[in-house]
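# What follows is a predicted structure for the sequence shown.
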Amino acid sequence: MFTLFQAEWFKLRKTNILPILFTGPIVGILIGLFANTDMFPDEANQWTGLLLVMNLTYALLFLPLVTGILAATICRYEHQAGGWKQLLSLPVSREQVFVTKYFLLVFLILVIQLLYFLSFTSVGLVRGLTDTFPMAIVWKSIVGGWIATFPLAALQLWMSTMFKSFAASFSVNVIFTLPAILAINSAKFGPYYPWAQPFSMMYVGGDTTDVFFIPWEQLLTVVGGSFLVFFIGGYIYFKRKPI
């Protein structure tokens, strides 16, 4: 598995992966620098207010969309010139290939989250925020957003192994991401919509006593349940995929 992971990483270095990884932090910096935080009361923590504003666009739209872009990028090499046949002719199983690509995908999302954390702190320093830095809340938001992408990463990897076209797999992601804008405003559908979970788990305006700002039941059933459905579905499809 480790050798296969190294091979996947080597192939990834041949793609334009760096611009994708740095897009999130750049988006965060632009949002943070021009964000209007005057709407928050004076007693509110300045860092928390800034994070709340930055997360609105980042967690709601960018994070789910970039997950699909990364998944398509990871599978792009195999869709060219019989790459799947070449890869599976090696002494590796389909199960190992799928699991390795998934681990690589969630690792890249973690890198983006860490870079976003750096962009957030940089914006706060540039704006001269003087309040106490809420380390626990900020890290809960960063890690929560990462965990919330686990089911989306599984589905997008499934779609990326299915479709040769980058546009096809990305379109599926866009179709399900845009309704999240409406879902988060619904107390009935928002907690159960997988594409709304990155925002919900990064929303510092929620109950800070809950794990990742959402109830345990929501984390286990919606995030955990959708992860199992999408991962197992993609795993079975790839195992039976005609090459």
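Done, it's in.
# longest single helix anywhere in this protein?
Secondary structure of the chain per DSSP state H: the longest helix is helix 94-126.
# Work out for me the element L152 sits within.
Per DSSP states H and E, L152 falls inside helix 150-162.
# Check the burial of D131 by counting its neighbours.
D131 has 13 neighbours, counted by other CB atoms under 10 Å. Yep, even glycine has a C-beta here, placed from its N, CA and C like the rest.
# Excluding residues flanking it in the chain, which one is nearest it?
Q46 (4.4 Å; CB to CB, 6 or more residues apart in numbering).
# quick one, what contacts that neighbour?
Neighbour list for Q46: 37, 40, 124, 129-131 [criterion: CB atoms under 8 Å, 6 or more residues apart in numbering].
# Please enumerate the helices of this protein.
Using DSSP H, the helices assigned to the chain run over residues 2-13, 17-34, 46-57, 63-76, 83-88, 94-126, 135-148, 150-162, 166-177, 180-183, 197-200, 216-218, 225-240.
# Would you reformat those as TSV and include mean pLDDT and distance to F189?
Shown next, in TSV, are these (pLDDT from 0 to 100; distance: least, CB to CB, whole Å):
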stretch	mean pLDDT	distance to F189
helix 2-13	76	36
helix 17-34	87	26
helix 46-57	89	19
helix 63-76	89	16
helix 83-88	77	37
helix 94-126	93	25
helix 135-148	93	16
helix 150-162	93	16
helix 166-177	86	13
helix 180-183	89	5
helix 197-200	92	12
helix 216-218	89	13
helix 225-240	94	14
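# Pick the most buried one from the ones you listed.
Comparing the helices of the chain by mean neighbour count (mean count of other CB atoms under 10 Å), helix 197-200 comes out on top with a mean of 28.
# who touches that one?
In contact with helix 197-200 (CB under 8 Å, 6+ apart) are residues 55-56, 59-60, 63-64, 145, 148-149, 151-152, 180, 184, 190-191, 206, 213-214, 218, 222-223.
# Let's see that with 6 Å instead.
With contact meaning CB atoms under 6 Å, 6 or more residues apart in numbering, helix 197-200 is reached by 59-60, 63-64, 145, 148-149, 184, 214, 223.
# can you check stretch 63-72 too?
Contacts of stretch 63-72 (CB under 6 Å, 6+ apart): 20, 105, 108, 149, 152-153, 156-157, 160, 166, 169-170, 173, 177, 195, 198.
# 7 Å instead?
20, 23-24, 105, 108-109, 112, 145, 149, 152-153, 156-157, 160, 166, 169-170, 173-174, 177, 195, 198 (CB atoms under 7 Å, 6 or more residues apart in numbering).
# and that stretch, how far out from the chain's middle?
7 Å (CA atoms, centre = their mean, to the nearest Å).
# Need the CA coordinates for that stretch. PDB is fine.
The C-alpha coordinates for stretch 63-72 follow below in PDB (Å, rounded to 0.1, in the frame of the first residue of the first chain):
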ATOM      1  CA  LEU A  63     -14.700  23.100  -0.100                       C
ATOM      2  CA  PRO A  64     -17.300  20.700  -1.600                       C
ATOM      3  CA  LEU A  65     -16.400  21.800  -5.200                       C
ATOM      4  CA  VAL A  66     -12.600  21.500  -4.700                       C
ATOM      5  CA  THR A  67     -13.200  17.900  -3.400                       C
ATOM      6  CA  GLY A  68     -14.600  17.000  -6.800                       C
ATOM      7  CA  ILE A  69     -11.800  18.800  -8.700                       C
ATOM      8  CA  LEU A  70      -9.100  16.900  -6.700                       C
ATOM      9  CA  ALA A  71     -10.900  13.500  -7.200                       C
ATOM     10  CA  ALA A  72     -11.000  14.100 -11.000                       C
END
